[in-house]
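> only geometry, no sequence info:
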C-alpha cells in the first residue's frame, strides 16, 4: 500500500461516507473501488489505533498491542479506519473515536515499525 494522500478529520470522513452511501454510482463495487487513503485526524492531530480497537483508551506499553497510523479504508473497508501498513487491518468499526488515539499521546514503544506506518508516524509527530 502506498502513502496516504492528505488528511481528513474523522467527522468529515463520517459525513463523506454517509454521502457516498446515498450517491454512489450504479456501477460502484467495493472489490474494484480504489478510494484514496488519507490520514485520519481529530482537531488537526493525526490518529492511530490498534487492531480492532484493542487499545480502548489504555495506550501504555503492554504485550500484543501495536498502535498503527489510522487511515481511511477503501473498497470493502471504506467507512472504517485501517492501518497504514496493512489496508485490510481494521482499527475500529466506522472509524469511531473511542477506538482511536492521538499519535502524539502514544508511548513510542507501542508504535508500529512497519514502513507504511513508520513514515507516517514520523511525519505526524514531526520527527526526523
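Thanks, I have it. Since this is a predicted model, take the numbers as computed values, not measurements.

> got the confidence number for the closest residue to residue 97 other than its chain neighbours?
Nearest non-adjacent residue to residue 97, counting by C-beta to C-beta, 6 or more residues apart in numbering: residue 10, 5.9 Å away. C-beta: built from backbone N, CA, C; applies to glycine. If you check residue 10, the pLDDT there is 92.

> can you show me the helices along the chain?
With DSSP state H as the criterion, the chain has helices at 10-23, 115-124.

> winner for burial among those helices?
The highest mean neighbour count among the helices of the chain, using mean count of other C-beta atoms under 10 Å, belongs to helix 115-124: a mean of 18.

> what is that one packed up against?
Counting contacts by 3 or more C-beta pairs under 8 Å, 6 or more residues apart in numbering; DSSP states H and E, helix 115-124 packs against strand 45-49, strand 68-72.

> go again with 10 Å.
strand 39-42, strand 45-49, strand 68-72, strand 86-92 (3 or more C-beta pairs under 10 Å, 6 or more residues apart in numbering; DSSP states H and E).

> and the ones you listed, which is most packed in?
It is strand 68-72: most buried of these by mean count of other C-beta under 10 Å, with a mean of 29.

> report the contact partners of the residue lying closest to residue 123 once chain neighbours are set aside.
Using C-beta to C-beta, 6+ apart and skipping residues adjacent in sequence, the residue nearest residue 123 is residue 46, 7.9 Å away. Under the criterion of C-beta atoms under 10 Å, 6 or more residues apart in numbering, the neighbours of residue 46 are 4, 7, 39-40, 69-71, 100, 102-104, 120-121, 123-125.
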